[in-house]
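A.B. asks: the following comprises the amino acid sequence and a computationally predicted model.
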Amino acid sequence: MKTTQLPDDISFERWVLHVFDHPLPDDPLAQDWYFRLDAEFWDAQAQPARTIRYITQLFRAMDTLTAPYSDGQIALGINYLISNACSNHMFPLMDAGMPLADRLACVESFYDVYVKLYAKKCTPDLGHLMVNEQQGNPLNMTCYMWWDIIPFYGKCGDAREQLDATMLDVMAKTLEIDHDACREGALHGLGHWHSAYPAFVEGVIDRFLANHPKLSPELLSYAKAARLGCIQ
């Protein structure tokens, strides 16, 4: 079977269906829908302005727009959007031809996913301690791996200072959400960005540790490792 090419001028409503409205396979080892040869395809880079607008609109209302779908469907949809192994949706955010204000607003909307979705649905399980992806809620792994699988790294391109600053600010804000899975996701990102911004990362985590003296031993240990960039 051939891949179905969706039209460039796809509506927002149809795009949301494209991202989330797929049945989960009965076999947990089966390919995710976006890797199948007959999967729908939409070229996000061919419509960068539309892509940025749609992602921002979705993430800002992540709780209500994903309500019709199971947690497993939402997790697959998020992975499809943020991983460049699955789609090219994130690349328009690095397109210098797009208005910077729109790209920054889209990055800021990442926080909405954490506070409106992950904080409400994820279990407190820590991703770095999970034996397999079946542990916890299906959303836990994308909560933990967000800043690992997304194709952004500190100081990886020209004129990225404002984008980098906004991403770091999102991580810092996420660290203050009262949910261990969300905090771990933020620490994971900060740990990966330590090599590019060591002073910022160490300062944010130092303040976090000072303000939260009653963390679980597991999260405390992970925070100390992330402070030095010693995470995987």
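C.D. replies: Structure received.

A.B. asks: from Pro124, how far off is the residue positioned nearest the centre of the chain?
C.D. replies: Closest to where the C-alpha atoms of the chain average out (CA atoms, centre = their mean) is Trp146, at 3.6 Å. For Trp146, the distance to Pro124 (CB to CB, to the nearest Å) stands at 17 Å. In short, each C-beta sits where N, CA and C put it, glycine included.

A.B. asks: swap in Ala75?
C.D. replies: Relative to Pro124, and taking CB to CB, Ala75 is found at 17 Å.

A.B. asks: and the two? Which one has more around it.
C.D. replies: Neighbour totals were compared for Ala75 and Pro124, and Ala75 leads with 23 against 15 (other CB atoms under 10 Å).

A.B. asks: in terms of helices and strands, where is that one?
C.D. replies: helix 71-82 (DSSP states H and E).

A.B. asks: give me the contacts around that helix.
C.D. replies: Defining contact as CB atoms under 8 Å, 6 or more residues apart in numbering, one finds that helix 71-82 is touched by 19-22, 24, 32-34, 55, 66, 69, 86-87, 89-90, 113, 117, 121, 137-139, 141-142, 146, 149-150.

A.B. asks: repeat that for stretch 109-116.
C.D. replies: With CB under 8 Å, 6+ apart as the contact definition, stretch 109-116 has outside contacts at 55-56, 59-63, 78, 143, 146, 167, 170, 173-174, 177, 182, 185-186.

A.B. asks: now the helix or strand of the chain with the lowest mean pLDDT, how far from the chain's geometric center?
C.D. replies: Here the helix or strand of the chain ranked lowest by mean pLDDT, DSSP states H and E is strand 4-5, holding a mean of 86. In terms of CA atoms, centre = their mean, to the nearest Å, the centre of strand 4-5 is found 25 Å from the chain centre.

A.B. asks: list the strands paired with that strand, with their directions.
C.D. replies: strand 40-41 (parallel) (DSSP bridges).

A.B. asks: quick one: average confidence on the partner strand?
C.D. replies: For strand 40-41, mean pLDDT rounds to 91.

A.B. asks: how about stretch 84-94?
C.D. replies: Stretch 84-94 shows a mean pLDDT of 95.

A.B. asks: for stretch 62-76, the averaged confidence score.
C.D. replies: 97.

A.B. asks: please apply the same query to stretch 126-138.
C.D. replies: In the prediction, stretch 126-138 has an average pLDDT of 77.

A.B. asks: on that earlier part again, can you list contacts of the least confident helix or strand of the chain?
C.D. replies: Residues contacting strand 4-5 (CB under 8 Å, 6+ apart): Asp38, Ala39, Glu40, Phe41, Trp42, Asp43.
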